[in-house]
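Undergrad: Pasting the sequence and the predicted coordinates here, then a few questions.
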Amino acid sequence: MGLFVVSVIGFIVCGIILLIKAIRKKPKKVIGVLTGVFFVVALATMIWAMNTPAVDPTQMIGEDPRPKAVEADFVKINAGEWEGKFVKAVGEVRLIELKTDQIIIFNLTTQEGDGYGVYSVEAAFNVGEIERDIAEGDRVVVYGTVEKPNDLMIPVIGASIIEKGE
C-alpha cells in the first residue's frame with residue numbers, strides 16, 4: 001500500500017512538472033521517463049494488491065485459534081490498547097446494521113465485570129467460520145481481531161469465527 005501511495009504521488013508531481021516544462025518548451029526527457037516509471041510501479045502494485053487473497057486467521061495459524069483468544073476487555077479496547085489483538089467476546093446481538101449474502105455488521109453488547117461493553121462486529125461469510133443465521137437478541141461468541149473504531153467511535157472486531165450460544 002505504501003509503495004502504491006508513493007508511486008501515485010510521484011506520478012502526479014512528475015506529471016505537473018512535465019506539464020510546466022511542456023508549456024515553457026524546455027527539455028522534458030528525464031521527467032517524462034520518471035513519470036512513466038512511477039505510473040508503471042503504481043499500476044503494478046495495484047494489480048498485485050487486487051490479486052492478493054484475503055487472509056483468514058484460521059488458515060494463517062494452521063490450527064484452531066479459539067484457545068489463543070484473549071477475553072475482550074472493553075476498557076482497554078476502547079482506549080486503543082488492544083488494536084490487532086485476537087479476542088473472544090461473548091454477548092447479545094443488539095442491532096444488525098447490515099446483512100447481505102456476503103457480509104454482516106452488527107452491534108454486540110457484552111457484560112464485563114461491573115459494566116457493559118458495545119462492539120461493532122464485522123464479518124464476511126466467506127472467511128472463517130461465521131454463523132449465517134444470526135438475529136437480534138441472539139447470544140453469540142465472537143472470535144476476531146480488534147480493529148480501529150468505526151465512525152461512531154465504537155470499537156470494531158473483525159470476526160473470523162461467530163458461534164451461537166454460551
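TA: Nice, thanks for sending it over.
Undergrad: Name every strand pairing with the helix or strand hosting residue 109 and say which way it goes.
TA: Here residue 109 sits within strand 103-112, counting by DSSP states H and E. Each strand pairing with strand 103-112, determined using DSSP bridges, is listed with its direction: strand 86-99 (antiparallel), strand 115-124 (antiparallel).
Undergrad: Touching the first one from outside, list them.
TA: Same thing as strand 86-99. Contact partners of strand 86-99, identified using Cβ atoms under 8 Å, 6 or more residues apart in numbering, comprise 57, 65-66, 68-72, 77, 104-111, 117-121, 134-146, 157, 166. Every C-beta, even on glycine, is put in place using the N, C-alpha and C of the backbone.
Undergrad: And for stretch 15-29?
TA: Where contact means Cβ under 8 Å, 6+ apart, the residues beyond stretch 15-29 that reach it are 31, 32, 35.
Undergrad: Next one: the last one from residue 7, what distance?
TA: Read it as residue 35. When distance is defined by Cβ to Cβ, to the nearest Å, residue 35 is 11 Å away from residue 7.
Undergrad: for the second one, same thing?
TA: Computed as Cβ to Cβ, the residue 32 to residue 7 distance reads 16 Å.
Undergrad: Of those two, which one has the most company?
TA: Neighbours per residue, other Cβ atoms under 10 Å: of residue 32 and residue 7, the larger number sits with residue 7, 20 against 16.
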